[in-house]
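>>> what's the 3D shape of this:
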Amino acid sequence: MPQSPQRDTSGSAVRRAVAVVALVAGATGLVADAGGAQARENRAAAKEVRRAKPPAAVWDRSTLGTFRDDAFAELVGERPDFAAVAATSAGGPAATAGGPAAVPTGFRWSTLVSEETLTDEIKDLKGLLTKAVASASTFKGGGYDQARDAFSTTALAFAVIAAYDQDIRWQKDAAAIRDLFARVGFNCKVGTDQSFAEAKLRVADLGELLDGNPPAARADRDEDFKWSQVAGRSALMSRLQAADERLGAAISSASGFEKLLDQVRHDAEIVAAIGEAIRQPDYEYHDDAGYLGHAASMRDAAIRARDAAKKKDYEAARSAIGDLKKSCDSCHGDYRG
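Model (predicted):
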C-alpha cells in the first residue's frame, strides 16, 4: 500500500518559501520604483519652462548708462498679485454658467430700484419728451433743453436695466437703447434742425418700445461702455431737483404723506439709482472721496425714505428726506457746476 506524501516541515522548506516571497516583493518594488520615477520625470517636464536664450549682444557704455542695473530696486510698492486678478476676472459674467446669460452680475441694482419704478419712469419721460418735440418751434424755443434732461434720464434708466441683477423687462435690448438715448441727449444741447429730427425719431422709438416693439436703430459705439457717457451731470441734477421738490411736498403733512406713498417710493428709488450711478468708475469726481461720500449719503437716505414709505412711517420718512436734502446741499456747497 503506497504511503501518503509527507508535508516537508524542515527548515529548508521554510527558507525556500521566504526566498520566493522576497523575490516577488523585490520585483514588485522595482516596478513601483520605475513607475514612480517615470511619474516624477513627467511632473518635472510639465513644470519645466523653456525660455529663449538671451541675445549675445555687446553693449557700449553709453547704451548701458540708459538702463538701471536693477530695475526692481527702483520700483515702489508691492508687486501685483496677478493670480488673484486672474481669479477675479474668471468670476465675471463669462463664468456664470448657472443663470440666464442676459442677466448681468455685479452690483445689485434691485436693492435700489424696482422694475416697476424703472418702467413707470420711462413712461413718464415719454410724456415729457412728446411735449418737448411737439413742433420744431417748441423744440427750438426751449424744448431742446427739456428733451436733453429727459433723454439723459431715459438713457440712465436703460443703463440700469442693462446692468440689472435680475431678469427684467427690456433687458435684452437695453444696452442698444441706452446708447441711442444717451447720444440724442448729448445732441440736444442745442436746438437745431438736426437735433430736432433725431429727437423726433427717438421719441417714436420710445413709443414703439412701450408698445412692445424694440427699435430697429442702433447706435455706433467705438469704445467700451462708460457710465459717464450715459448722461451729463447737469441733466441728472435736474431730475434730482424735481425729486427733491416732490419729496419735500410729500412730507409737508402726515395726511398728505399718506396720499403720496407711491410717489415717495418712486422718486426715492430714482434718487438712489442716480446716487449710485454717479459713483461709478470714470464718472466725473468718481475718484474724489468727498464726492463719493456725498453721493453715498444721498443714496442711503433715499433708500431709508423708500423703506419708510413702504411702512407708512411718516416720521421716519421726514427724517430720511431731511438727511437726503442735507446731503444734496452739502454736495452743492463743495462742488459747483
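>>> can you give me the pLDDT of residue 229?
Reported pLDDT at residue 229 in the predicted model: 87.
>>> could you do residue 97 as well?
So residue 97 comes in at 34 (pLDDT).
>>> same deal with residue 151?
96.
>>> check which helix or strand it maps to.
Here residue 151 sits within helix 144-163, counting by DSSP states H and E.
>>> just the CA trace of that helix, in CSV.
Output in CSV follows, covering the C-alpha atoms of helix 144-163 (Å, rounded to 0.1, in the frame of the first residue of the first chain):
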residue,chain,number,x,y,z
TYR,A,144,-34.5,121.0,-26.6
ASP,A,145,-33.3,121.7,-23.0
GLN,A,146,-36.2,119.7,-21.5
ALA,A,147,-35.6,117.0,-24.1
ARG,A,148,-31.9,116.8,-23.2
ASP,A,149,-32.7,116.2,-19.5
ALA,A,150,-35.5,113.7,-20.3
PHE,A,151,-33.4,111.8,-22.9
SER,A,152,-30.5,111.6,-20.5
THR,A,153,-32.6,110.3,-17.6
THR,A,154,-34.2,107.8,-20.0
ALA,A,155,-30.7,106.6,-21.0
LEU,A,156,-29.8,106.2,-17.3
ALA,A,157,-32.9,104.1,-16.7
PHE,A,158,-31.9,101.8,-19.6
ALA,A,159,-28.3,101.7,-18.3
VAL,A,160,-29.6,100.4,-15.0
ILE,A,161,-31.9,97.9,-16.8
ALA,A,162,-28.9,96.6,-18.9
ALA,A,163,-26.9,96.1,-15.7
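>>> beyond it, next helix or strand please.
Following helix 144-163 in sequence order, the next helix or strand is helix 171-187 (DSSP H and E).
>>> how far away is residue 263 from residue 256?
According to CB to CB, to the nearest Å, residue 263 and residue 256 sit 10 Å apart. To be clear about C-beta, it is placed using only N, CA and C from the backbone, and glycine gets the same treatment.
>>> residues near residue 204, how many?
A count of neighbours around residue 204, defined by other CB atoms under 10 Å, yields 14.
>>> so how far is residue 123 from it?
Distance, residue 204 to residue 123, using CB to CB: 15 Å.
>>> do the same with residue 318
Distance of residue 318 to residue 123, computed by CB to CB: 29 Å.
>>> more crowded one of those two?
Neighbour comparison, residue 318 and residue 123: the larger count goes to residue 318, with 17 against 11 (by other CB under 10 Å).
>>> that one touches residue 252, doesn't it?
No - assessed by CB atoms under 8 Å, residue 318 is found out of contact with residue 252, at 9.7 Å.
>>> sorry, back to before: so what sits against both of residue 263 and residue 256?
Common contact partners of residue 263 and residue 256 (CB atoms under 8 Å, 6 or more residues apart in numbering): residue 250.
>>> these two: who's more crowded?
Taking other CB under 10 Å, residue 263 and residue 256 do not tie; residue 263 has more neighbours (16 against 12).
>>> show me what contacts that one?
Residues counted as contacts of residue 263 (CB under 8 Å, 6+ apart) are 246, 250.
>>> where in this protein is pLDDT low?
Residues of the chain meeting the criterion pLDDT under 70: 1-106, 220-223, 336-337.
>>> all helices of it, in order?
11-47, 61-64, 71-74, 82-90, 115-132, 136-138, 144-163, 171-187, 193-210, 233-250, 254-259, 261-277, 289-311, 314-334 (DSSP state H).
>>> nearest to residue 227, of the ones you listed?
helix 261-277 (6.0 Å; CB to CB).
>>> list the contacts for the nearest residue to residue 118 once chain neighbours are set aside?
Residue nearest to residue 118 in three dimensions, not counting chain neighbours: residue 157, with 5.3 Å by CB to CB, 6 or more residues apart in numbering. The contact partners of residue 157, by CB under 8 Å, 6+ apart, come to 118, 121, 122, 125, 273.
>>> try it again with 6 Å
118, 121, 122 (CB atoms under 6 Å, 6 or more residues apart in numbering).
>>> which of the residues you listed tops the neighbour count?
Busiest of the contacts of residue 157 [other CB under 10 Å] is residue 118, holding 25 neighbours.
>>> kindly provide the distance from that residue to residue 298.
To residue 298, residue 118 is 19 Å away according to CB to CB.
>>> what of residue 237?
Going from residue 237 to residue 298 by CB to CB gives 11 Å.
>>> settle it for me: which of these two has more neighbours?
residue 298 (27 against 17).
>>> I'd like to know how far that one sits from residue 330.
9 Å.
>>> again, but for residue 280
Separation of residue 280 from residue 330 (CB to CB) stands at 21 Å.
>>> swap in residue 174?
Counting by CB to CB, the separation of residue 174 from residue 330 is 33 Å.
>>> of those two, who's got more company?
A direct count of neighbours by other CB under 10 Å for residue 174 and residue 330 places residue 174 higher, at 23 against 15.
>>> mind listing what the more buried one touches?
By CB under 6 Å, 6+ apart, the contact set of residue 174 is 158, 161, 162.
>>> dump stretch 329-337 to PDB, restricted to CA.
Coordinates of each C-alpha in stretch 329-337 appear next as PDB, following Å, rounded to 0.1, in the frame of the first residue of the first chain:
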ATOM      1  CA  ASP A 329     -26.900 120.800   0.000                       C
ATOM      2  CA  SER A 330     -23.500 119.800   1.300                       C
ATOM      3  CA  CYS A 331     -22.500 118.400  -2.100                       C
ATOM      4  CA  HIS A 332     -23.600 121.600  -3.900                       C
ATOM      5  CA  GLY A 333     -21.600 123.600  -1.400                       C
ATOM      6  CA  ASP A 334     -18.400 121.700  -2.100                       C
ATOM      7  CA  TYR A 335     -18.900 121.000  -5.900                       C
ATOM      8  CA  ARG A 336     -20.300 123.700  -8.100                       C
ATOM      9  CA  GLY A 337     -21.400 123.200 -11.800                       C
END
